[in-house]
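Asker: Here is a sequence together with a model predicted from it:
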Amino acid sequence: MKERHSINEQVGFEIHRTEHMMSRRLEAGVKAEGIDEITLSHGWIIRFLYENRERDIYQKDIEKYFLVGRSTVTNSIQLMEKKGLVRREFVECDARLKKVLLTEKGIQSHETIENMITEMNSGILEGIDEQDAQVFLKVIRRIRENIEKS
């Protein structure tokens, strides 16, 4: 008789598997649009910058928001600068600080990717009623909170 995995083992695996499938679909869509120089992590940073355009964003803000180290963010921003997606600008009040800004190319790339995400999100919710989707969101947020606590 085949041994069944516990619910504890299945939840983490299913989250990982779903995230992987979504990532692959997005990567394929980005490649089809000809903006495949943007990695998934660059896409998340671009989105963060886009959603926070009304305020100054510094590297430390990106580190804190994504819970990643300084060197990781430094490398990502440098690569994104080379690709023309972002630029860094000195701040008048403190010459040591540089804010991170999206370029026009970064803005256009974000808008294209957002359209893809909206389309994908509509597709993944097909056949799922509003109440089930709300329960899912409640549970997944609770899982994230539990992970943050541990």
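Answerer: In hand now; what should we look at? As the structure is a prediction and not an experimental result, all values here were calculated from the model.
Asker: use CA for all of it now, contacts and neighbours both
Answerer: OK.
Asker: What is the longest helix along the chain packed up against?
Answerer: In the chain, assigned by DSSP state H, the helix with the most residues is helix 7-32. With contacts taken as 3 or more Cα pairs under 8 Å, 6 or more residues apart in numbering; DSSP states H and E, helix 7-32 sits against helix 104-124.
Asker: The next helix or strand after the helix it packs on vs helix 7-32, what angle?
Answerer: Later in the chain than helix 104-124, the nearest helix or strand by DSSP states H and E is helix 130-149. Following axes from the mean of the first three to the mean of the last three Cα atoms, to 10 degrees, one obtains 100 degrees for the angle between helix 130-149 and helix 7-32.
Asker: pLDDT value on the most centrally placed residue in the chain, please?
Answerer: In the chain, the centroid-proximal residue (Cα atoms, centre = their mean) is residue 44; its distance is 3.0 Å. We have a pLDDT of 89 for residue 44.
Asker: Confirm it sits in a helix?
Answerer: Yes. Under DSSP: H, G, I helix; E, B strand; the rest coil, residue 44 sits within a helix.
Asker: Dihedrals phi and psi, residue 91?
Answerer: When read as degrees, to the nearest 10, the backbone of residue 91 gives phi -100, psi 130.
Asker: number of nearby residues for it?
Answerer: If you count neighbours by other Cα atoms under 10 Å, residue 91 ends up with 13.
Asker: any idea how far residue 101 is from it?
Answerer: 12 Å (Cα to Cα, to the nearest Å).
Asker: what's the answer for residue 79, then?
Answerer: From residue 79 to residue 101 the distance is 14 Å (Cα to Cα).
Asker: And those two? Which one has more around it.
Answerer: residue 101 (22 against 16).
Asker: Can you classify the closest residue to residue 48 other than its chain neighbours as helix, strand or coil?
Answerer: Counting by Cα to Cα, 6 or more residues apart in numbering, residue 62 is the residue found nearest to residue 48 once chain neighbours are left out, at 8.0 Å. Three-state call for residue 62 (three-state DSSP): helix.
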